[in-house]
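**Q** my questions are about this predicted structure, shown below with the sequence.
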Amino acid sequence: MAVLAECPVCHKKQSIRTKLCHCGEDLDKAKRSQRVRFWISYYLPGKKQKRECIGFSIQEARDAEGKRRSQKRENRIFDIKPDDKMSFSELAKWYLKLEKVKSKAYYPTLVINLDSFNSEFGDMIANQLKPADLENYQAKRKAKGYSDSYVDQEIGAARTVINKAFDNDLISGDVVKVFKRVKKLLKDNANARDRVLTREEFDRLMKALPSHTRGIVATGFYAGMRRGEVLNLTWDKVDLKNLVIRLSASDTKDREARTIPICRALHDVLKDIPVAIHDNHVFLYKGKPVKDIRTALKRACLDAGIPYGRSVKDGFVFHDTRHCFNTNMRKSGVPESVIMKITGHSTREMFLRYDTVDDADTRKAVEQLEGFLKSSDQSNDQAPEKEKGANPTSELTPRFSYGAEAGI
C-alpha cells in the first residue's frame with residue numbers, strides 16, 4: 001500500500017516524497033497551499049490495483065491507508081468502498097479539467113449547467129445527496145420558469161460528472177444510484193419539434209429577412225447544418241467550384257468531419273456574399289462575425305406572417321431549418337443513409353426525430369394504398385380469363401362467368 005500525491009497541474013499521481021513533478025510544478029509549495037489531492041493505492045485479490053481519492057489532507061490519507069491495511073489483515077477486503085469525502089464542486093472541478101471534456105463542443109454549456117447545480121449542492125459531500133434533494137431542485141427550477149428540458153439538462157450534466165467520478169473510483173455506486181432514481185421531467189422525445197416550412201413560407205421569409213441573415217437561413221434550409229456550424233463557417237471550408245462545404249471534426253457537434261453538398265439554390269446565395277479581407281467568416285455584420293440572428297428572424301417571421309418561437313403554436317425557430325432539410329430530402333426520395341451522412345446524425349432514432357411526417361405524407365400513403373388495391377382487383381379480374389383461354393382484351397366478359405361454367 002502507498003499514499004500518493006496528485007500534481008494539481010498534470011494530475012500525475014506520485015510518491016509523497018517527490019518534491020518536484022516532472023511537469024515542473026513545486027509539489028511542496030502546492031501542498032502548503034492545499035492544492036495537492038492525496039490518494040491511497042493498494043491491490044485487491046487477483047492483483048487488481050485499486051486507487052482511492054482521499055482529499056487534500058495527508059493525515060486523512062494515512063488514516064485511510066491504515067484502515068485498508070486492517071481490512072486486508074481481517075480478510076474484509078471486499079467491504080472496501082470509497083469514503084466519498086469529496087464535495088460535488090470538487091468533483092465538477094476535477095471533471096471540467098479533463099482534456100477530453102474540454103475538447104467537447106458543448107463545454108461552455110456544460111460549465112453553465114454545472115455552475116447552476118453547484119449553486120445549490122456545490123458544498124455538499126457527494127454521498128450526502130438524496131433523491132429528494134434532486135426532486136426539490138427540479139421543483140425549484142421549474143418554479144423559476146425554467147423548462148423541463150433545461151432542468152433535465154442541468155441534472156444530466158451533474159449525472160455525467162457522477163458517472164465519470166464512479167468510473168475513476170472517486171465515489172461509490174451509492175451516489176450513482178441517487179441520480180438513477182430521479183426521473184426526468186421530460187419524457188423521451190416529448191419536446192421533439194415538427195415545424196417544417198412550406199416552400200411558400202420559406203420564400204416569404206427570405207424576402208423579409210435582412211441581407212446579413214438571408215444566407216444564414218438559406219444555409220440551414222438547403223444544407224441542414226446546425227446553427228453553430230453555420231455561424232462559424234469560414235470561406236476556406238466552402239468550395240463553390242466543386243459545390244461542397246467541408247467541415248473538419250473540430251467544426252461539428254459530434255466531432256466527426258462532414259462533407260455537405262451545395263445545391264444550386266444555395267450556390268446562388270453564397271456566391272453573392274462578398275469575401276472580407278480582414279475576416280474569413282462567411283457571415284458578417286458590420287465587419288464582425290454574426291453571433292445571433294434571433295431578433296432579425298423574429299421580426300422577419302412577423303413580417304412574413306409566420307408564427308415565431310418554441311412556445312408558440314406552429315412557431316418557427318432557426319433550428320427548424322434542420323427539420324426542413326431532413327423532411328424535404330426524404331420526400332424527394334433520398335435514402336436515409338445518405339441524409340444521415342450529410343446531416344451528421346449517428347443514429348436512425350435521431351434522424352427520425354428530425355424527419356416530420358405531415359398530412360401530405362399520409363394522404364400520399366392512402367393514395368398509394370388505393371392504387372395498390374385497384375391494381376390488385378384488375379389482376380383478379382384478368383387472371384381467370386387467362387386460365388380459361390379467354391381473350392384478355394375483352395371487356396364484355398362477366399366478372400365471374402367462369403364460375404357459372406364450372407357449376408359453382
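**A** It's in.
**Q** hmm, who's touching stretch 199-217?
**A** By Cβ atoms under 8 Å, 6 or more residues apart in numbering, the residues outside stretch 199-217 that reach it are 197, 218, 221, 230-231, 269-270, 273, 282-285, 290, 293, 296-297, 299-301, 303-306, 318, 321, 324. All C-beta spots, glycine's among them, are computed from the backbone N, C-alpha and C.
**Q** filter those down to the buried ones, PyMOL style.
**A** Of the contacts of stretch 199-217, the buried ones go into a single PyMOL selection, burial set by 16 or more other Cβ atoms under 10 Å:
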select buried, resi 197+218+221+230+231+269+270+273+282+283+284+290+293+296+297+300+301+304+306+318+321+324
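**Q** looking at the contacts of stretch 199-217, which are in strands?
**A** Secondary structure defined by DSSP state E assigns 284-285 of the contacts of stretch 199-217 to strands.
**Q** which stretches in the stretch 101-250 of the chain count as strands?
**A** For the stretch 101-250 of the chain, the strands identified by DSSP state E, counting those that start in this stretch occupy 238-239, 244-247, in order along the chain.
**Q** can you list the ones you listed in CSV and add mean pLDDT?
**A** Putting the strands of the stretch 101-250 of the chain into CSV (pLDDT from 0 to 100) gives the following:
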stretch, mean pLDDT
strand 238-239, 94
strand 244-247, 92
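**Q** and of these, who's closest to Arg226?
**A** strand 244-247 (9.9 Å; Cβ to Cβ).
**Q** partners of the helix or strand following that closest one in the sheet?
**A** Along the chain past strand 244-247, the next helix or strand (assigned with DSSP states H and E) turns out to be strand 258-261. The partner list of strand 258-261 in its sheet, established with DSSP bridges, is strand 244-247 (antiparallel).
**Q** how about the partner strand: buried residues?
**A** Of the residues in strand 244-247, those buried under the neighbour-count criterion (16+ other Cβ under 10 Å) are 245, 247.
**Q** now do it: everything it contacts.
**A** Taking Cβ under 8 Å, 6+ apart as the criterion, the residues outside strand 244-247 that touch it are 223, 225, 229, 233, 237-239, 257-262.
**Q** now, which of the contacts of stretch 199-217 lie within helices?
**A** When DSSP state H defines the helices, the subset of these inside them is 218, 221, 230-231, 269-270, 296-297, 299-301, 303-304, 321, 324.
**Q** for Cys23, which non-adjacent residue is spatially closest?
**A** Cys10 (4.2 Å; Cβ to Cβ, 6 or more residues apart in numbering).
**Q** so what pLDDT did that neighbour get?
**A** Predicted confidence (pLDDT) at Cys10: the value is 88.
**Q** phi, psi of it?
**A** Main-chain torsions, Cys10, degrees, to the nearest 10: phi -100, psi -10.
**Q** which residues sit in contact with it?
**A** Under the criterion of Cβ under 8 Å, 6+ apart, the contact list for Cys10 reads 21-23, 25.
**Q** one more pass at 10 Å, please.
**A** Listed by Cβ atoms under 10 Å, 6 or more residues apart in numbering, the contact partners of Cys10 are 21-25.
**Q** repeat for Val338
**A** Counting by Cβ under 10 Å, 6+ apart, Val338 makes contact with 261, 329.
**Q** closest one to Met329 out of the contacts of Cys10, please.
**A** Distances from the contacts of Cys10 to Met329 were compared by Cβ to Cβ; the smallest belongs to Cys23, at 50.0 Å.
**Q** ok, that closest one touching Glu6?
**A** No. Taking contacts as Cβ atoms under 10 Å, Cys23 lies outside contact range of Glu6: 12.0 Å.
**Q** can you check which residues contact both of these two?
**A** When contacts are counted by Cβ under 10 Å, 6+ apart, the set common to Cys23 and Glu6 consists of Lys12.
**Q** which one of those two has more residues nearby?
**A** Taking Cys23 and Glu6 together and counting by other Cβ atoms under 10 Å, Glu6 has the greater number of neighbours (22 against 10).
**Q** bridged to the more buried one, which residues?
**A** Beta-bridge pairing for Glu6 (DSSP bridges): Lys13, Arg37.
**Q** for Ala276, see how far away Ala249 is.
**A** Ala249 sits 26 Å away from Ala276, taking Cβ to Cβ, to the nearest Å as the criterion.
**Q** these two: which is more packed in?
**A** Set side by side, Ala249 and Ala276 show unequal neighbour counts under other Cβ under 10 Å, the larger going to Ala276 at 14 against 11.
**Q** name the nearest residue to the more buried one, sequence neighbours excluded.
**A** Counting by Cβ to Cβ, 6+ apart, Leu284 is the residue found nearest to Ala276 once chain neighbours are left out, at 5.7 Å.
**Q** mind giving me the domain split of the protein?
**A** Here the chain is described, according to automatic domain parsing, as comprising the domains 2-79, 88-181, 199-354, 360-405.
**Q** among those, show the one with the smallest mean pLDDT.
**A** Across these, the lowest-scoring stretch is domain 360-405, with a mean of 53.
**Q** quick check, Gly220 in contact with Phe325.
**A** Yes. With contact defined as Cβ under 10 Å, Gly220 and Phe325 form a contacting pair (7.4 Å).
**Q** quick check on Asp314: phi, psi?
**A** Geometry field for Asp314 lists phi and psi as phi 60, psi 20, criterion degrees, to the nearest 10.
**Q** err, Gln34, not the other one
**A** Note on Gln34: its backbone torsions stand at phi 60, psi 40 [degrees, to the nearest 10].
**Q** who's in contact with the nearest residue to it once chain neighbours are set aside?
**A** Leaving aside its chain neighbours, Gln34 sits nearest to Phe56 (4.9 Å; criterion: Cβ to Cβ, 6+ apart). For Phe56, the set of contacting residues under the criterion of Cβ under 10 Å, 6+ apart consists of 6, 8, 31, 33-38, 85-86, 90.
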